[in-house]
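Asks: with the input below, show me the fold.
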Amino acid sequence: MKNSFGQNVTVTVFGESHGAGIGAVLDGMPAGIPVDEGFINHQLSLRRPSGDISTPRVEADNYIIYSGVFNGFTTGTPICIVIPNENTQSKDYTADRFNARPSHADFVAYEKYHGFEDYRGGGHFSGRVTTGLVAVGAIAISALKQKGIKIGTHISRCAGVNDAAFTDYETEIEALNNKQFAVLDNAKGEEMISAIKAAKADCDSVGGVLETVVLGMPVGVGEPWFDTLEGLLSHALFSIPAIKGVQFGLGFNIADLNGSKANDQFEVKDGSVITKTNNNGGINGGISNGMPIVFSCAVKPTPTIAKEQNTINFKQNENVILQAAGRHDPCIVHRARVVVDSMVAITLCDALSAKFGTDWWLK
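Replies: Predicted coordinates:
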């Protein structure tokens, strides 16, 4: 099992949903980056369950920084953050040990690891493991901010309800990053929340789409072929549980346009090179062009639901009916957005270090 990502700045996740704890190691970050523990707590709070639209399992996320930070700054050595699990109910998963939850990892995990996997709460496949990514991601986000690079994500669609579109990236990103339910239009957010509650009442779940913007990326980051900036970001994003689609700029819609409409025409404005449109999402030839990087992620409905579903018992190799027990989210879109921001930040730190070296971060 490979649990590490990155070349220059790497992240490794560890732990299981119902084990003693979970966490992450962030390696390759240069010395001298400020570490704001209040900001780490803020980021973790955005991932934490919130009321009726989330799982009843609420963890305090009392993290411990074991290494890599001294006197409020990174030391240049691996940053290890451990987060204890303090609110588990493992008995919920005993009765259905060998019954595969549809669209979950139970069956494939059993086949890959021959029954030795920790199945409780999804084990290492659980979204709980993303908590470590958010903790170390907060450090990566802080490093990017020092270089004038900002990341923001909103719930562009959830349960079939569309949010408003971005109109002012700079101010709207700041507002989103302080919202528990990250929408641009609060009225649309209330519609989404009502739809999530309705799905929960019906023992069901819903999904949605997250739209992310990165401001301030310098020109020239990324490689032309196998390490394109879109490729690196997509690799990172698809590691997040429930992400089933990623598109940049107009994405699939660009296929319906003529080149004269799809092309982002260049111009010089106030001495800087910009494009009049941003249909390609700030990346040309796999390399950042200086415009905002814009992409969207499709988040599937939470697979574990309380409705009866047809499935198999993979131990007995027979068909069964499953009505899943346990504590689960009727929607994870609102909690996933900070995980997206975190993985994007870690990936950009990796790509920027490849382009400029580690000393660039302190210039």
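Asks: pretty sure residue 203 is in contact with residue 307, am I right?
Replies: Yes - look at residue 203 against residue 307 with CB atoms under 8 Å: they come within range, at 4.7 Å. For every residue, glycine as well, the C-beta is placed using N, CA and C.
Asks: if I look at residue 4, how far off is residue 317?
Replies: For residue 4, the distance to residue 317 (CB to CB, to the nearest Å) stands at 35 Å.
Asks: ugh, wrong one, residue 218
Replies: Residue 218 sits 55 Å away from residue 317 when distances are taken as CB to CB.
Asks: repeat for residue 58
Replies: Going from residue 58 to residue 317 by CB to CB gives 38 Å.
Asks: which one's more surrounded, the two?
Replies: For the pair residue 58 and residue 317, the greater number of neighbours falls to residue 58 (14 against 8), based on other CB atoms under 10 Å.
Asks: which one is that one nearest to, not counting chain neighbours?
Replies: residue 49 (5.1 Å; CB to CB, 6 or more residues apart in numbering).
Asks: so who does that neighbour touch?
Replies: By CB atoms under 8 Å, 6 or more residues apart in numbering, the contact list for residue 49 reads 55, 56, 57, 58, 329, 335.
Asks: equivalent analysis for residue 164, please.
Replies: By CB under 8 Å, 6+ apart, the neighbours of residue 164 are 183, 184, 185, 188.
Asks: run the last query once more with 10 Å
Replies: Contacts for residue 164 (CB atoms under 10 Å, 6 or more residues apart in numbering) come out as 154, 156, 172, 183, 184, 185, 186, 187, 188, 189.
Asks: give the PyMOL command for selecting the buried subset of those.
Replies: Buried residues within the contacts of residue 164, by 16 or more other CB atoms under 10 Å, are selected in PyMOL with:
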select buried, resi 154+156+172+183+184+188+189
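Asks: from the contacts of residue 164, which single one is nearest residue 231?
Replies: residue 156 (22.6 Å; CB to CB).
Asks: which SS class is the closest one?
Replies: Assigned state for residue 156: strand (three-state reduction, DSSP: H, G, I helix; E, B strand; the rest coil).
Asks: OK, contacts around it?
Replies: By CB under 10 Å, 6+ apart, residue 156 lies in contact with 162-166, 182-184, 188, 208-212, 296-297, 333.
Asks: ok so, going back, what do residue 203 and residue 307 both touch?
Replies: When contacts are counted by CB under 10 Å, 6+ apart, residue 203 and residue 307 have 323, 324 as shared neighbours.
Asks: lovely, talk soon.
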